[in-house]
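A.B. asks: Coordinates only, no sequence provided:
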């Protein structure tokens, strides 16, 4: 066997060894961790669809406005939005989360919404996940990318006509082409908090006793009746009728961040 052939054999064996070491490692969790959330109203992995809808694990499927496109990056399924498209679900009782739900233990009552989001542009305000339409006084809750401040923001309303709490993320200088795990949490009469990639900002002032029963659509990638559409990507989006603990949200971030390259 010639020297080049020996070297080629060694490199081939090394490559095989590295591959075997990789497949022996457990893959990070994705869907399972979100399915364990308390009072989960819906989880959209952005991996499942039929001919017309993005399918939700709890049966609440998303319709399409414009031309969003399902695709993937390795094992990360996502919907690519171009700033001219969004996903939505008609107003439904399942998303009318007020923070007074009797079937949820009193200590856990509230709201938690979020998912993985990617920005292709920082130039314009964009809805991430919302049940919020200020034009018709139907505000309840929303996560947005806020311009000109250049940060993520979580808003709540108890009247529909005015904002009760506004909580902004302060730890990150946001960049395009990067995944962010963004979560908003409402704890009745206590706080309205936002989590971004492992870091919390807490707002302990003005949290209302309950949220407004809004007639707005649930929108992914937009708010205000379809305005401010996201130029970016959405993946693993969820809505819970409970205020999940720091530990639960931190675990979800740590358990899935590897898949998103964070």
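C.D. replies: Yep, that arrived. Since this is a predicted model, take the numbers as computed values, not measurements.
A.B. asks: CA only for contacts and neighbour counts going forward, please
C.D. replies: Noted.
A.B. asks: for the chain, where's the lowest mean pLDDT among helices and strands?
C.D. replies: Between all helices and strands in the chain, the lowest mean by mean pLDDT, DSSP states H and E belongs to helix 3-23, at a mean of 45.
A.B. asks: What residues of the next helix or strand after it count as buried?
C.D. replies: Later in the chain than helix 3-23, the nearest helix or strand by DSSP states H and E is helix 31-35. Neighbour-count burial for helix 31-35, counted by 16 or more other Cα atoms under 10 Å, picks out 33, 34.
A.B. asks: other SSEs contacting helix 31-35?
C.D. replies: helix 246-256 (3 or more Cα pairs under 8 Å, 6 or more residues apart in numbering; DSSP states H and E).
A.B. asks: Buried residues, the helix it packs on. List them.
C.D. replies: 249, 250, 252, 253, 255, 256.
A.B. asks: Run through the stretch 1-150 of the chain and note the low-pLDDT ranges.
C.D. replies: 1-30 (pLDDT under 70).
A.B. asks: isn't residue 238 right up against residue 116?
C.D. replies: No: the pair residue 238 and residue 116 fails to qualify as a contact (Cα atoms under 8 Å) at a distance of 9.6 Å.
A.B. asks: Any figure for the gap between residue 163 and residue 137?
C.D. replies: Distance, residue 163 to residue 137, by Cα to Cα, to the nearest Å: 10 Å.
A.B. asks: which residue ranges form the strands in the stretch 101-250 of the chain?
C.D. replies: Ranges of strands in the stretch 101-250 of the chain, per DSSP state E, counting those that start in this stretch, are 111-119, 126-133, 138-146, 151-156, 165-168, 179-187, 191-196, 199-201, 218-220, 231-240.
A.B. asks: dump the residue contacts of the closest residue to residue 161 other than its chain neighbours.
C.D. replies: Leaving aside its sequence neighbours, residue 161 sits nearest to residue 137 (Cα to Cα, 6 or more residues apart in numbering; 4.4 Å). For residue 137, the contacting residues are 160, 161, 162, by Cα atoms under 8 Å, 6 or more residues apart in numbering.
A.B. asks: for the strands of the stretch 101-250 of the chain, which one sits closest to residue 93?
C.D. replies: Residue 93 lies closest to strand 218-220 among the strands of the stretch 101-250 of the chain, at 11.1 Å (Cα to Cα).
A.B. asks: Number of residues surrounding residue 44?
C.D. replies: Residue 44: 25 surrounding residues under other Cα atoms under 10 Å.
A.B. asks: you'd agree it is up against residue 220?
C.D. replies: No: with contact defined as Cα under 8 Å, residue 44 does not count as touching residue 220 (10.1 Å).
A.B. asks: For stretch 127-139, measure first residue to last.
C.D. replies: 13 Å.
A.B. asks: ok so, going back, can you go through the contacts of residue 137 and name the buried ones?
C.D. replies: Here, 16+ other Cα under 10 Å leaves 160, 161 buried among the contacts of residue 137.
A.B. asks: Tell me the one of the contacts of residue 137 nearest residue 98?
C.D. replies: residue 160 (11.9 Å).
A.B. asks: pretty sure that closest one is touching residue 139, no?
C.D. replies: Yes: the pair residue 160 / residue 139 is scored as a contact, 4.3 Å apart, by Cα under 8 Å.
A.B. asks: where do the contact lists of the two overlap?
C.D. replies: Joint contacts of residue 160 and residue 139 (Cα under 8 Å, 6+ apart) are 212, 214.
A.B. asks: Next, format the contacts of residue 137 as CSV and append pLDDT and distance to residue 69.
C.D. replies: Formatted as CSV, the contacts of residue 137 follow (pLDDT from 0 to 100; distance: Cα to Cα, whole Å):
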residue, pLDDT, distance to residue 69
160, 98, 32
161, 97, 34
162, 97, 34
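A.B. asks: Contacts only, for residue 60.
C.D. replies: So residue 60 contacts 42, 89 (Cα under 8 Å, 6+ apart).
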